[in-house]
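Engineer: Got a sequence here, can you build the structure:
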Amino acid sequence: MRKLLLASTVLVPLLTPALSLAAGLVRAPDEACAYLAEDGLGGTGDYREYRPGKYYCWSLRKEIAAGDPQRQSVRYTAEGTEEAVSSLTLELQVPSRSEVQRGHMLFLEYARALVTKALATEMPEEIGKAVLAARPGRWPLAGAEVVIEKRQVKGEGYELALRIE
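Structural biologist: Okay, here's the model as predicted:
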């Protein structure tokens, strides 16, 4: 009996971090929807149902630079249930692969602000480098997971997304 008790005492601390990561990010909708408002990505102010049981708020797309022929833009969304947000997404739209550096730099600034506000920690350099290189990946961070995805769109463009779950 004593051996079994000792084994469970050793296993519980090993399992606890995995359990907290699996729980992911949970925030109040009003708080999460306002994370990037002071950075120019304020939403519509509405956290509304878009499918039964699924809710979200969003910002309008913000062009990287007015009059930019590339029309690169960034936007922010928060999704979850009626009571809690469980996923935050920052998205960069890049219609053409030429002159993407400015868009990636601004996207990195927004991504750092989002990580700091949502997770109360700084973004690790490794994630910042992945953002600038538009390199997909997954990183555990402060009890949540940061995910970078890259999706091709028509022509030579792509969308880069940083999601916190």
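Engineer: C-alpha only now, for contacts and for neighbours.
Structural biologist: OK.
Engineer: Hmm, residue 48 is touching residue 57, no?
Structural biologist: Yes: the pair residue 48 and residue 57 passes the contact test of CA atoms under 8 Å, sitting 6.6 Å apart.
Engineer: Give me the more crowded residue out of these two.
Structural biologist: A count of neighbours by other CA atoms under 10 Å puts residue 57 above the other of residue 48 and residue 57, at 25 against 17.
Engineer: how far away is the closest residue in space to the more buried one that isn't next to it in sequence from residue 38?
Structural biologist: Counting by CA to CA, 6 or more residues apart in numbering, residue 47 is the residue found nearest to residue 57 once chain neighbours are left out, at 4.5 Å. According to CA to CA, to the nearest Å, residue 47 and residue 38 sit 18 Å apart.
Engineer: Who has more neighbours out of these two?
Structural biologist: Between residue 47 and residue 38, counting by other CA under 10 Å, residue 47 is the more crowded of the two (22 against 8).
Engineer: measure the more buried one to residue 29 for me?
Structural biologist: 7 Å.
Engineer: Likewise for residue 141?
Structural biologist: Residue 141 sits 21 Å away from residue 29, going by CA to CA.
Engineer: What segments of this structure are helices?
Structural biologist: Counting by DSSP state H, one finds helices in the chain at the ranges 2-23, 29-33, 101-119, 125-133.
Engineer: Name the nearest residue to residue 46, ignoring sequence neighbours.
Structural biologist: In space, and not counting its chain neighbours, residue 46 is closest to residue 57: 5.7 Å by CA to CA, 6+ apart.
Engineer: right, and that neighbour touches residue 82 too?
Structural biologist: No: using CA under 8 Å, residue 57 is not in contact with residue 82; the gap is 11.1 Å.
Engineer: so what's in contact with these two at the same time?
Structural biologist: residue 48 (CA atoms under 8 Å, 6 or more residues apart in numbering).
Engineer: Enumerate every residue touching residue 105.
Structural biologist: For residue 105, the contact set (CA under 8 Å, 6+ apart) comprises residue 132.
Engineer: what do you get for residue 86?
Structural biologist: Residue 86 neighbours (CA under 8 Å, 6+ apart): 24-27, 78-80, 165.
Engineer: Pipe the residues you listed into TSV and attach distance to residue 101 per row.
Structural biologist: Formatted as TSV, the contacts of residue 86 follow (distance: CA to CA, whole Å):
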residue	distance to residue 101
24	31
25	30
26	32
27	32
78	26
79	29
80	32
165	27
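Engineer: With residue 47 as the reference, measure out to residue 53.
Structural biologist: For residue 53, the distance to residue 47 equals 12 Å [CA to CA].
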